[in-house]
Structure formats: C-alpha cells, structure tokens
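S.K.: sequence and computational prediction follow.
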Amino acid sequence: MSEERRDNWLAKAYREASAAGDAATAERHLLELVELHPESAWLWFNLGLFAKRRRDWAQCARLNERSLEIATEAEDPAAWNLGIAATAMGDWPVARRAWSTYGVTMPDGDGEPVMDFGLVPIRLNPEPRHIGETRLQIDGQLHDTEVVWCRRIDPARAIIQNVPTPESGHRFGDLVLHDGEPVGSRKIDGQERGVFQEIALLRPSEKPTLRSVVFCPSEADAQQLQSAFEAADLGAEDWTQSVRMLCKSCSEGNPDPSHDHGPVEWDPERDYGIGATFGEADQVLRQWALSGSDRSYSSPERAF
C-alpha cells in the first residue's frame with residue numbers, strides 16, 4: 001500500500017472508530033498517523049486528548065508540549081490542556097507557562113498560583129461526554145453527580161463552597177480539578193455562570209460532612225443560620241432547599257424557573273448538611289438557637 005493510500009485509510013479508520021466510540025482503536029490509528037505526519041500539531045493535540053480523558057497526566061503533558069512546539073497560536077487549546085495536566089501533577093512552573101501561553105495573566109512567582117476568579121458552578125462526577133472519557137472514581141468507587149458552587153483559584157482548580165450530599169463523595173472545602181468547557185449554566189446574583197465539569201479530586205477536605213435536622217420557623221431564621229456558619233468560615237447547606245433532582249436537559253442547560261423540580265412551600269423542619277467538626281457545628285447551632293424564638297436542632301451526626 002502506498003503511503004498516500006495508507007494515510008487515507010488510517011484517517012478514514014480513525015473517523016469510523018471515533019464515531020463508533022472505540023477509543024482504543026481510534027487512538028491506535030492516531031499513533032500510526034502521527035508517524036506519517038510528525039509535524040502535525042493537530043495529531044499530537046488529539047493524542048493528548050485521549051491521555052487527558054484517562055487522566056494520564058504525564059503523557060498528556062508530553063503530547064501537548066509537542067503540539068505547542070510545532071504551532072503556538074493565541075488561545076491554543078494544547079496550552080490549556082498542558083496547564084490542566086501540569087496542575088494535576090503539581091508542576092507549577094509548567095502550569096504557569098502553559099496558562100501564560102494561553103493568554104492568562106499569572107501572579108508573580110514560580111510556585112502554586114492562588115488567584116481569584118470568583119464563584120463558579122462545577123458538576124461533580126459528571127457523566128462521560130467524549131470518546132475515551134471515564135467516570136471519576138474516588139477510592140475506587142463511583143458517586144452521584146451533583147452541581148455545587150466553588151471558589152475558582154486558578155484556571156483549572158476550585159474549592160467547594162457548598163456542602164455536597166454524601167452521595168457525591170465530596171465535602172465542603174475539597175479542592176477539585178475542572179475542565180474549561182462549560183456544560184450548561186446556573187445563575188448567581190442575577191448573573192449567568194457556565195458549569196464546568198470536574199476532572200479529579202486533588203485534595204480532600206479535612207472537614208467531615210455532618211447532618212442535623214434544624215427547626216427554622218421562617219426563612220429569615222434559616223438565612224441567619226447560614227450567615228452564622230459563613231462568619232465562622234464553616235460550611236452549611238439547607239439540603240431541603242438546595243438539593244433538586246434536575247432532568248438531564250435542565251442539568252446540562254439552564255434550569256427554567258417555570259420547570260419546577262421541587263416544593264416551594266416553606267417547611268420549618270430543614271435537613272442541613274454541615275461542613276465542620278462536631279464541636280464547631282454544635283457551637284454555631286447552639287448560639288443560633290439561643291438567639292431566636294422557637295429555634296431547635298438535633299445533635300449533628302456524621303454523614304460523610
């Protein structure tokens with residue numbers, strides 16, 4: 001077979017394998033193609049995608065570095081994926097260089113960057129969307145998908161600010177690695193924010209997830225309790241209000257207020273998730289209960 005015919009055959013076989021969702025075969029054909037076209041930045045980048053999707057960070061970094069050596073353009077996606085891989089490995093000089101190459105202004109220094117991109121929604125444990133992607137496993141287990149608000153501290157890392165449900169396998173304060181392609185959106189303070197997909201749990205929180213049934217006579221009582229936990233730099237989540245089971249179209253889109261997934265009538269008995277130690281949680285709850293009328297709570301129990 002001539003080189004040209006082999007080239008065409010491999011390109012066709014790659015497309016067919018991709019369409020069929022056969023990641024192993026598609027990647028094998030890409031490897032054969034890159035041998036024929038070693039100066040193709042596109043081929044190196046796509047090989048890097050397969051490594052990224054299986055969380056092979058060293059390989060992902062190497063392949064995207066090669067892509068960038070051949071063709072560097074403004075906002076080159078190879079630079080973004082190199083930044084993700086380097087961040088996952090804690091290789092801060094390479095991560096900083098990658099983000100700078102992409103066009104992100106980085107703070108001074110050569111260590112771990114800590115920035116402030118504000119609050120963003122992140123989908124924990126997302127379902128795979130692309131060929132070669134696998135579900136995130138934590139300690140060898142799969143967990144439920146959930147969207148939480150996080151404080152984004154650099155282009156690919158964020159700290160969970162909600163108290164996720166135990167079924168998510170995450171806690172208040174977890175540091176997560178996330179992708180840069182929004183999938184759906186949520187609103188905060190009237191502003192639309194794209195939902196990023198979690199890639200990996202980088203550093204678990206030291207705060208356990210506790211659960212308490214709290215009697216809040218009114219919404220104002222619940223808001224005061226939330227403020228009390230925030231003032232103590234602890235996590236609190238009114239799961240009765242915040243946990244909604246959204247259909248797939250709503251979860252990956254923009255939930256329509258008219259498309260209701262839960263009750264709207266106020267129920268004084270609230271199911272609270274708390275990100276704190278037992279002592280910290282009990283102190284905040286006790287002070288809150290004493291400062292208002294008809295307030296009460298059950299002793300916090302460990303949920304996760």
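M.R.: Sure, I can see it.
S.K.: distance check, the closest residue to Lys52 other than its chain neighbours against Leu10.
M.R.: Among residues not flanking Lys52 along the chain, Cys60 sits closest, at 4.6 Å (Cβ to Cβ, 6 or more residues apart in numbering). Any C-beta I mention is one placed from the backbone N, CA and C, and that applies to glycine too. Distance, Cys60 to Leu10, using Cβ to Cβ, to the nearest Å: 22 Å.
S.K.: higher neighbour count, these two?
M.R.: Taking neighbours as other Cβ atoms under 10 Å, Cys60 and Leu10 compare with Cys60 leading, 25 against 19.
S.K.: secondary structure class for that one?
M.R.: Using DSSP: H, G, I helix; E, B strand; the rest coil, the secondary structure recorded for Cys60 is helix.
S.K.: that one against Ala51, yeah?
M.R.: Yes: with contact defined as Cβ atoms under 8 Å, Cys60 counts as touching Ala51 (3.9 Å).
S.K.: what do those two both touch?
M.R.: Here Cys60 and Ala51 share the contacting residues Ala85, scored by Cβ atoms under 8 Å, 6 or more residues apart in numbering.
S.K.: pretty sure Arg186 sits in a strand.
M.R.: Yes: the assignment for Arg186 by three-state DSSP puts it in a strand.
S.K.: phi, psi of Asp144?
M.R.: Per-residue torsions, Asp144: phi -70, psi 150 (degrees, to the nearest 10).
S.K.: that one and Ile138, how far apart?
M.R.: Noted for Asp144: a distance of 11 Å to Ile138, by Cβ to Cβ.
S.K.: same question for Ile70.
M.R.: Ile70 sits 36 Å away from Ile138, going by Cβ to Cβ.
S.K.: now swap in Trp288 and tell me
M.R.: The value you get for Trp288 to Ile138, if Cβ to Cβ is used, is 32 Å.
S.K.: between these two, tell me which one has more neighbours.
M.R.: The residue with more neighbours, out of Trp288 and Ile138, is Trp288; 20 against 16, by other Cβ under 10 Å.
S.K.: what comes into contact with the helix or strand where the more buried one lies?
M.R.: Assigned by DSSP states H and E, Trp288 belongs to helix 278-290. Residues from elsewhere that reach helix 278-290 (Cβ under 8 Å, 6+ apart): 210, 212, 214, 224-225, 228-229, 232, 234, 236, 274, 276, 295-297, 299-300, 302.
S.K.: out of those residues, which sit inside strands?
M.R.: Per DSSP state E, strands hold the following members of these: Leu210, Ser212, Val214, Ala236, Ile274, Ser296, Tyr297, Arg302.
S.K.: out of those, who's nearest Arg151?
M.R.: Closest approach to Arg151 among these (Cβ to Cβ): Ala236, at 15.8 Å.
S.K.: ok, now which ones touch the nearest residue to the closest one once chain neighbours are set aside?
M.R.: Spatial nearest neighbour of Ala236, excluding adjacent residues (Cβ to Cβ, 6+ apart): Phe229 at 3.6 Å. By Cβ under 8 Å, 6+ apart, Phe229 lies in contact with Gly235, Ala236, Ile274, Ala276, Val284.
S.K.: max pairwise distance over those residues: which two?
M.R.: Gly235 and Val284 (10.8 Å).
S.K.: list residues touching both of the two?
M.R.: Phe229, Ala276.
S.K.: the nearest residue to Pro208 once chain neighbours are set aside: neighbour count?
M.R.: Leaving aside its chain neighbours, Pro208 sits nearest to Arg302 (5.7 Å; criterion: Cβ to Cβ, 6+ apart). Neighbourhood size, Arg302 [other Cβ under 10 Å]: 10.
S.K.: verify the contact between Arg302 and Ser212 for me.
M.R.: No: taking contacts as Cβ under 8 Å, Arg302 lies outside contact range of Ser212: 10.9 Å.
S.K.: quick one: the helices in the chain, in order.
M.R.: Secondary structure of the chain (DSSP state H): helices at 3-19, 23-36, 41-53, 57-70, 77-89, 92-102, 219-231, 239-242, 248-251, 278-290.
S.K.: that concludes my questions; thank you for your assistance.
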